[in-house]
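Chemist: pasted the sequence and its predicted model underneath.
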Amino acid sequence: MAENREIIHLDDIKQLVDTFYTRVRADELLGPVFEGRIQDNWARHLDIMYRFWQTVLLGELTYQGSPGFKHITLPVGEEHFERWLQIFYQTIDELFTGEKAVEAKWRAERMAEMFHSKIEYYKQNKSRSIL
Ligand code: HEM
């Protein structure tokens, strides 16, 4: 079995993102949610996600965006976030080790909590405009 590596280069980020989204697309709960929104634009989505994680983990500032807004109207709840984190953690633990691997999981969990609470707020306050 290959030894886990540290996350150091953009190629490591690409391997993480490609492996994670291949699994997400094959997942019966998450796959349809992603396909419904992303449709034929997977190359673009993956490129955005390379840049997002490159910015967060490597400090190379190639991503600019407001990811919260992209999630607010998605048809998801707690079970989707649990599954997303489960697949993300598994992917990290299978491929990587070290400080950045720990940080990736920590960041993902904080963002999942933030997106989830925004989505729940939006569901309960649909009549008020928050966009
Ligand atoms: C239930 C869990 C999740 C689902 C179903 C989901 C789904 C999606 C979808 C469909 C998009 C594309 C949006 C669009 O282009 O219109 C997207 C973008 C994105 N997601 Fe998620 N996501 C989830 C959780 C997360 C988490 C936990 C993170 C934190 C790492 C994350 C980070 C991002 C980022 C950075 C983008 C790019 C936003 C942009 O275009 O600037 N997502 N997500």
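Modeler: Nice, thanks for sending it over.
Chemist: can you report how many residues lie near residue 71?
Modeler: Using other CB atoms under 10 Å, the number of residues around residue 71 comes to 18. No exception for glycine: its C-beta is placed from N, CA and C like everyone else's.
Chemist: OK, contacts around the nearest residue to it once chain neighbours are set aside?
Modeler: Across the structure, with CB to CB, 6 or more residues apart in numbering as the measure, the residue nearest residue 71 apart from its sequence neighbours is residue 115 (4.5 Å). Under the criterion of CB atoms under 8 Å, 6 or more residues apart in numbering, the neighbours of residue 115 are 67, 68, 71, 72, 81.
Chemist: ok, the second one touching residue 117?
Modeler: Right, the one you point to is residue 68. No - under the criterion of CB atoms under 8 Å, residue 68 lies out of contact with residue 117, with a separation of 10.2 Å.
Chemist: how about the residues of the chain near the ligand?
Modeler: Selection of the chain residues close to the ligand by CB under 6 Å from any ligand atom yields 30, 33-34, 37-38, 45, 48, 52, 65, 67, 70-71, 74, 76, 80-81, 84, 108, 111-112, 115.
Chemist: the same query, at a cut-off of 5 Å, please.
Modeler: Within the chain, the positions near the ligand by CB under 5 Å from any ligand atom are 33, 37, 48, 52, 65, 67, 70, 76, 80-81, 84, 108, 111-112.
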